[in-house]
Every structure is written in C-alpha cells, then in structure tokens.
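Novice: pasting a predicted model and its sequence here:
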Number of protein chains: 2
Amino acid sequence: MNALARHNAARQRPPAWERRVPRFLPQQTASVSAADALEGAHPLADAIVNAGLQRRANEIAAAFDTIEPELRAIASAQFEDGFVEPAAARLKASLGIDVPPETLRATWSAPLDARKLYAECVLGTFCRLVDRSFDRDLATLSEGESAQDLIRRWGFHAVDITPCADGRLSGVVDYILRVPPAVVVSRLSHAGAMFDVEDALRTWETVELRRYRESRPNPASEPTRFLKIGVYHYSSVDPDREGCAAHGSDAGRAASSLLERLDDFARAVELTHCCGATVATLLCGVDTDTDALRVHVPDASGRASVSRWVDNRALYASTKMLARDGAKNAIRDAVAACAGVAAGDRLTEGMRWFCGYLLKNNLSQMEAVRARHGGSYADRGHTERLAIVGDALDDVQLRNLAFQAQMETVEEGAADLDVGVRVLRGVHEPRGLAVPILAHFRYDARVPSARARARERALRLRDAIIARYARLAESGLLHVRAVVRGGDGAPLETVHAHAAENRA
Amino acid sequence: MNALARHNAARQRPPAWERRVPRFLPQQTASVSAADALEGAHPLADAIVNAGLQRRANEIAAAFDTIEPELRAIASAQFEDGFVEPAAARLKASLGIDVPPETLRATWSAPLDARKLYAECVLGTFCRLVDRSFDRDLATLSEGESAQDLIRRWGFHAVDITPCADGRLSGVVDYILRVPPAVVVSRLSHAGAMFDVEDALRTWETVELRRYRESRPNPASEPTRFLKIGVYHYSSVDPDREGCAAHGSDAGRAASSLLERLDDFARAVELTHCCGATVATLLCGVDTDTDALRVHVPDASGRASVSRWVDNRALYASTKMLARDGAKNAIRDAVAACAGVAAGDRLTEGMRWFCGYLLKNNLSQMEAVRARHGGSYADRGHTERLAIVGDALDDVQLRNLAFQAQMETVEEGAADLDVGVRVLRGVHEPRGLAVPILAHFRYDARVPSARARARERALRLRDAIIARYARLAESGLLHVRAVVRGGDGAPLETVHAHAAENRA
C-alpha cells in the first residue's frame, strides 16, 4: 500500500478517538460532525482533522467540567449512613477514577475535605485522560506522505519545541502547530520560554549520537538538521495585560529574549562541536486570543529578526477566498518575501517549506477557533485546570489545560513554579478550591532501577513544592500528587510517600 | 622526538612544580629529595614521582597550616591604629591572598570576625592553589610511552572515576590511582560513591558523540571502551568506625552497593543503545589508613565480585624483595589469578593490563605512605580543610584536603551535603572555627552567556546551602563562597551576590 492509499484507508476507518470512547463519557462529546466547520471555511482548513480535534477537546473539557457538580452532589449526602461506597461508585461511574475510601469518610464534626477531594479528582481525571491514550497522529498525514517523512525530506531529522509554560500554550503541539509527536524529540516548557542552553545541548548530543550509532531516525551522513523551535506568545485583544507574564506582557521583549536564547543555543552547538556542527532554529509567536501563529522566517543566512515575520491572521484573511492552490501559493510567496529570497532559492527551501507547513497547519486551527469561538476565545486569560512540573507530559493537549514547567528541583525551578502557583491560585481560590499540581518524572523502563530513582525524584519534588508553599498546603489550598511513567505511552503510576522503596 | 626521548627530556628538565614555586612559600616545602624515599623501597616505587608529589603535598599542607598562626598573630594587633593595611599586606605576603579591607576593620566594640576571616582565608588559599596550576602530569609517562596512549592501546579511550565524597579520597586521582588527568573525562564524587546512573549515561553519550564526530580521542570505529571506575573505601586499622559513613562503615556493603550501581550503569548503556553498545566497569576499594588499593578484577565474562580482589597490601609485601621484573610478573600473576584466566588470555588482557597498571601505580603511593608515615597515616579520621560542592574540582589533590560532593542543587544533594557539613563541623567547631564551603560551577567559555548562567547557579547553590544551615551560618560557623570557572585550567572567579548580572 503506498502512502496515499494508507492515507485514504486511515480516513475511511472510524477514527481511533471514536473507537475508544469509554462508557462513562457524556454522549454529547461525540456530536461534532465534520460538516459543522465546512461552511465558509478557509480552503486549506482540514475539516476532518478539526472535527477529530474538537471531539477530543470536548471529551477533555467535559471530563473536568463533570468534577465540580459531581462533588457538589455527593457532598450534600456526606452525613448519610453508608455514604462512602455509593459515593465512590458514583465518582467511578461519572469520572472514571478510583477515589480512596478514606478520602470520602465524613462525620458531622469532620466533614469531607472538599478542597483536597476536588484536587484529587482533577489530578485523577488528568491521569485517566493520559492513560486513555488519545490518538495524537491526526495530523501526521499530509498530502499523502507521513508528515514525519516529509519533514525529514525537507531537511529536519528532529524537532525540539520550547514553548512558554503558560497554559494557553498547552495545546501547542497538537492544535496550534500540529506537528506529529513522533518527530518531536523534546518539548520542554519554561516561563517565558527561557530554556536552558546546556540542557538543550545535551538533548542535541543524545539525538545526534543515535543517528551515528543506530541511523535513527536517519544516518548522520544525511545532511539533515536538528530544528529547535521557540514559541513565545502575546495577546492581540489585550496586549498589555494578557501577554507573557514572564516578559511583562511585552511581545517584543518576549520575542527578542527568546531569539537571543535560540541564537545562544545554535552558537553553543557550533562552538563546542567541530566539523561543521550546526542546528536550525525557528522563532514563533502565538496570539493566545486566536491561536494565530507568527513565524519569524529566517533569511538566506539563517538569521531571524524579531521585527520580521509572517502573520497568519493576515494570511488567513488574504487567502480565505482563494482556491486551495492559490492559497498555497500565497503562503509560499509570503514566506519567501519574509526570508527575502526568490521562491526558487534552493539554500532556504527546506526551512521555507517547514514555515509554510506550520502556517498551513495553523490556518486549520484558526478556522477551528473561528468556527467554535467566533474567531477569538472568550476566556482571554487563565483557566488552567492544573499545573504539571518535572518532566514534560504531552499526551493530553488542550488550550488552558495545564501550566507546565519543566524542572528537576524546586531550587532551580522556583521562579517558574511561583508563576504557575500564582496563576493557578487566581483560577482556584475565588472558588475556594485547591491548586492541583502534578509532579511527574519519566524513566526508561529498560534501565535497571530507573523506576526507583524516578519515584525518589518525584517524591522529592513533591516534598519541595509542599515545603515552599507550606502555608497554602497546610490550609488545604494546594495539593500535589507525585507520578512516574516508564516511557511514552506507559501508564502513570502514583507514588505514595510511605511506599517509597529503594529498589524497584 | 620519539616517546622515549620525550620521556627522558621531561625527566632532565627541572620539574614544573619547582619552576613555579611562588616567592611567599616557606623554603622547607622544597626540601624533600628523591633520595629520601629510596632506601629499602619497593622495587616498582617511582622515587622521582613520589618526591614530586611529596613536594606538592608539602606546599599544599604548608599553605593551609600557615593560616591559623598568621591570623592569631594579626588578631592580637587588631585594636592598634592603622591596623588594616599592614595586616592585609601581611596576609598577602604569608598566604598569597587578597583579603578585602572591610574584613579586617575592627574596633573594641566590634572586633574581627575571626571565624569568617579564617574561612575566607581557607577558601582564598584553596583558590590560590588552584590558580597556581600544579603540574599534574607527573605520572603520565610510563615505560617510555605516555600513559594516555598506553591506556588507549590497551583498550580504553576514556576513564570516568566515581569515588566517595570522603575527604580521605581527595587525592584519589593523582596519589592513589595516579591516572593522568588527560584521560579522566569525568570525576564525580558522591557520598558512598552512589553516582546517578542517568547522569553517567549522559557523560557516556557526550564522550561517544565526540568520537563519532571528531575522532577524539580516537575514532568510534576503534574497538576501545569507556571505563567507569567506582572507588569505595574502608579502614584497615579501625574498620568499624573509620570506614565509609554512607554505608555504616561496612566495607562489604560499600562494595556491593557500588558494584550494583556499576552494573546498573553498564546495563543502562547496553539496553538503551543498540548495536553492541558496551562499557567496561571496575570496582576498587581504598584502605584510607595506608592508601592501599583493592582491585576487584573482572572475570572472563567481565563480571566483578565483591568477594574477589587483588589486595595491594599483600602484593606489596610479597613483591618488595623481588627485582623489578619479578615484581611485575607477580602483579600480572595475581591479576590473572583473580580474573580466573590464564596469563595469556587475549579476551581479558586489556582490563588485566589496566588493573596491573593501577596496582603498580598504587605501590608507589604505598611506598610514599610507608616512607613518610610509617606505613599508616596517624590521622585515620577526618581533617578536611574545606568542602567543595557543585561541579568537580580536581586541580589540588591531597588526602583529607576537601570533602567533595557533586550536585546541581541542595535539593538533590542534601543527603551528601549533610554528611559533609557534619564531618567539617567535627573538624572545625572544636577549634571555634567556621566550616568553609566552596560552591563551584564550571562553564564552557566558548558558549554564549554560559558564564552568566554558571554565576547564577553558583549563587543559587550558595544561597540554598546558607538557607539549609541558617542557624550555623548566622552564628558564623559556616561560610560559603561561590566561584565559577571557564573550563579546566582557567582561573577561579569569585561571584559576589550584588554583582550578579544577567548577561556575561
């Protein structure tokens, strides 16, 4: 079967997210049809993929939206005899999670710890959604060839994405950029997207060694490059208040700080590894109100500028009434113009193709926001459900789902964590609810004792978070769960303090 | 010039440590001659190298021993008019360090902060000795060929050493093992030598990538291996009290825990990298009373056992009366017997050569301890001058010089740091002195902004240490200096909190 046939076959089967909808989900989450988004849509918008992503978004949102009413309902019955078992059964049926019976035991003098129960349900729901294993490969087929193969054919063997930790970017891979997970070797979030250059260098080394040793994903002799994408964000509707907090809501500062960091990384690779070692970097901005992308296309010398970009809002407007081919040509022209090169320039064609690929993908997302939210999200600010710290966790993608900051310890990540806790308190405290935090570490299940070490790390991070916000934690306004995972796709395992053994 | 000629030429020049003795050093530090150690010495002991190492040890010890009497002398004059300038000049002349004038300002109501001044002088002296750049290549010429070439020819392109953080091992590279620094790609100390497997894996990846990309130190196609050596320790004189604190002074536990960790590392390399990826590991023990080595020679299958080793104390005794060739043969035989293979076995010859190389080097060290200390150190326990945390710092090597524990943050290194502070308090508090701690990070001076990031890390670590031992620090019994360094051989730079800028 060739690539096109595989593509068509994949489209004809019921999509994976329909085949796996669990029993306990409200039926309306499957009610969006591809037809909804078709009328007056942008010619390059992929209605089928959009419908799939919308179904997934609905399922995720519904799962979290169910928590509060369910808890309110059981709270009113907490003093009834034999409350615990039916309450646990109800939460299992409605949320799909197992709540430990002791969390549900209540007396008139010691009622339910509703704050903790709520945070436990949020964290449990998130973990359930991770274990649900959404099919994230919706957008991997592009023009009949797998996007991964296509990206490599255009010159990039690995993509490393560093977005801001801000929850409004927590759908950046699947929704905003629509880059296939298989090609993303690293996705680390930091406040203001201010990644660590030395860490990024180590990731590059690991990827390159695998090419030399194992020819994975391709032999080192092939002239492809490692591509690091930095993603900053801004607000078109309320630029002074809803931009990136880490950069004082100043889009220019966010862009220039990130560009400088990307340049530092590229120079670090070149200067510490001889023999023409080089990487590609790409600076992108996201308008968190519309999910529209700004792509700072590098020029012929590979240099980007903070003041030169292709704005997908303008591109959307100017190409909406065109036929597909005309719209594609317009993207190509806009990218070449931004790069300052002729459309046929060979030296820059790989990067220009990739920029066009991102812009085209993003047009679908803009179309989805237009169709669902009238072009601009009603919630411009933060409505994150939880914070994720430690190792990256990308399985469940959705705008404003989670503030996510990668760190090994609170000592190094304190500044990022403080931003996250402030944001989450703003969302939760007005409703009298606790801030739910997931402390997550991944391990390589093949490595001896790696599980035990990851468990120790997760508990250490959890303890350090509780120590830093001791007053919040004591008053029940902050709740942390430690989890570990033996690699991509493996189930999340909750780590309980008393069960921390030394060897796995 | 061939290797032998270079070897001879190097022996005829005045050695580097004599050419660079600074003015202010007491003359007696240069008084040890090679002849001192020759009478009745072991036939394989290298008297010239031993004399050089002894001179270096004397210079280091004298530098620290000068501090207390000098401070006592100036303290008695602190209330005299015009005290500051002559006192600073005296410390500059006697210790070779610049003490900030404000540290020396004293009045009858606010006398010298002698504890802080002492700690500053210890840290300043240590930094001066690092900047003094001792010639550490004393032992790199072996049998007319550079030891680095020889080690590679016998099958190892890189050596990674993990000793215990215990200060009695702070001469492990130059004195006890006598491995040339150029071949040591990593030397990370941890309490109980309990290194992090994931960190070690990253070091391996970095080393291997350089072989593939740059053929440094040799092309990846050559069948040499990365060798990781773990060094535990024990006390032959007082085994129950002066062994490794992290393992309850139990040599068997120290050895078996470390062997397990080494095996985990080897398995991690094999399991996470395909295509026959493999490393060599070697378990060694050091008797901290005599500096004698135990080498747990791996068997034909590469496996070591905690209960099978070559004991260099026995080997010293049994070979002392032999001629050089006889002694060498005895080492070879002992190693082969421990490995359980014939002397001509090809499969194991590289590792057996290396074990013999270490044992032979160590015979020189045992000879030095015999000649200088009657075979066994009088100070069996701890007399460390300072603690070093953060990145490794190996330029100044001497038994009991420094407790050294590698860590990125106190959060991850707290257990090791607690051991170090407990040990150092035991040494310093009885004399009413502060515990001096150096928080050190290295950066690659070629990488943009790496200096600024290292400075931030060093300050962060310093602040976290002070926060953890707040009461000690407030009462002046603990003093931390943050330093950074732009690579091996670069000068140490003290980082002052108020000068922390964002970009270097």
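Specialist: It's in. Residues are numbered from 1 along each chain as shown, chains lettered A, B, ... in the order given.

Novice: what about the residue in the stretch 101-250 of chain A positioned nearest to chain B, neighbour count?
Specialist: Of all residues in the stretch 101-250 of chain A, the one sitting closest to chain B is A:Y212 (4.0 Å; C-beta to the nearest C-beta). Backbone N, C-alpha and C define where each C-beta goes, glycine included. Per other C-beta atoms under 10 Å in any protein chain shown, the neighbour tally for A:Y212 reads 18.

Novice: need the contact list for it.
Specialist: Neighbouring residues of A:Y212 by C-beta atoms under 8 Å, 6 or more residues apart in numbering or on different chains: A:A220, B:L209, B:Y212, B:R213, B:A220.

Novice: A:P298 too?
Specialist: A:A280, A:T281, A:L282, A:A304, A:A339, A:T348, A:M351 are the contacts of A:P298 under C-beta under 8 Å, 6+ apart.

Novice: what does the first one show for phi and psi?
Specialist: Listed backbone geometry of A:A280 is phi -100, psi 140, with angles given as degrees, to the nearest 10.

Novice: before we move on, back to that, how far out from the middle of the chain is the helix or strand in which the residue of the stretch 101-250 of chain A closest to chain B is found?
Specialist: Take DSSP states H and E as the rule and A:Y212 turns out to sit in helix A:197-214. Distance, stretch centre to chain centre, for helix A:197-214: 22 Å (C-alpha atoms, centre = their mean, to the nearest Å).

Novice: for the record, mean pLDDT for that helix?
Specialist: Mean pLDDT, computed over helix A:197-214, is 96.

Novice: for stretch A:373-386, measure first residue to last.
Specialist: End-to-end distance for stretch A:373-386, by C-alpha to C-alpha, to the nearest Å: 23 Å.

Novice: flag every buried residue along it.
Specialist: Buried residues in stretch A:373-386, counted by 16 or more other C-beta atoms under 10 Å in any protein chain shown: A:S376, A:Y377, A:R380, A:G381, A:H382, A:E384, A:R385, A:L386.

Novice: next one: the first one from A:D325, what distance?
Specialist: When distances are taken as C-beta to C-beta, to the nearest Å, A:S376 and A:D325 turn out to be 29 Å apart.

Novice: tell me which parts of the stretch 51-200 of chain A are close to chain B?
Specialist: Residues of the stretch 51-200 of chain A lying near chain B by C-beta under 8 Å from any C-beta of the partner chain: A:D196, A:V197, A:E198.

Novice: now rank those residues by neighbours and give me the top one.
Specialist: A:V197 (21 neighbours).

Novice: need the contact list for it.
Specialist: Contacts for A:V197 (C-beta under 8 Å, 6+ apart) come out as A:R261, A:D264, A:F265, A:A268, B:V447, B:P448, B:S449, B:A450, B:R453.

Novice: what of A:T290?
Specialist: A:S236, A:R313, A:M366, A:V369, A:G375, A:S376, A:Y377.

Novice: which strand is the longest one in chain A?
Specialist: Assignment by DSSP state E gives strand A:225-234 as the longest strand of chain A.

Novice: list of residues touching whatever helix or strand comes next after that strand?
Specialist: Note on strand A:225-234: by DSSP H and E, the next helix or strand toward the C-terminus is helix A:251-272. Residues external to helix A:251-272 that are found in contact with it (C-beta under 8 Å, 6+ apart): A:164, A:192-195, A:197-198, A:200-201, A:204, A:228, A:230, A:232-234, A:239, A:243-244, A:246-247, A:277-279, A:281-283, A:285, A:296, A:304, A:306, B:444, B:446-450.

Novice: I'd like the contacts of A:T290 laid out as a markdown table, including pLDDT, distance to chain B and secondary structure.
Specialist: Output for these, formatted as a markdown table (pLDDT from 0 to 100; distance: C-beta to the nearest C-beta, whole Å; DSSP: H, G, I helix; E, B strand; the rest coil):
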| residue | pLDDT | distance to chain B | secondary structure |
| --- | --- | --- | --- |
| A:S236 | 97 | 29 | coil |
| A:R313 | 98 | 33 | helix |
| A:M366 | 98 | 35 | helix |
| A:V369 | 97 | 36 | helix |
| A:G375 | 92 | 38 | coil |
| A:S376 | 95 | 35 | coil |
| A:Y377 | 97 | 33 | coil |
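
Novice: quick one: which two of the residues you listed are the most distant?
Specialist: A:R313 and A:Y377 (14.0 Å; C-beta to C-beta).

Novice: domains of chain A?
Specialist: As assigned by automatic domain parsing, chain A contains the domains A:66-131, A:141-373, A:407-499.

Novice: could you point out which of those domains sits nearest B:L104?
Specialist: Per C-beta to C-beta, nearest to B:L104 of the domains of chain A: domain A:407-499, 34.1 Å.

Novice: right, is that closest one up against chain B?
Specialist: Yes - Domain A:407-499 reaches chain B (C-beta under 8 Å from any C-beta) through A:408-412, A:444, A:446-450, A:453, A:460, A:464.

Novice: check the offset of that domain from the chain's centre.
Specialist: The chain centre lies 18 Å from the centre of domain A:407-499; the measure is C-alpha atoms, centre = their mean.
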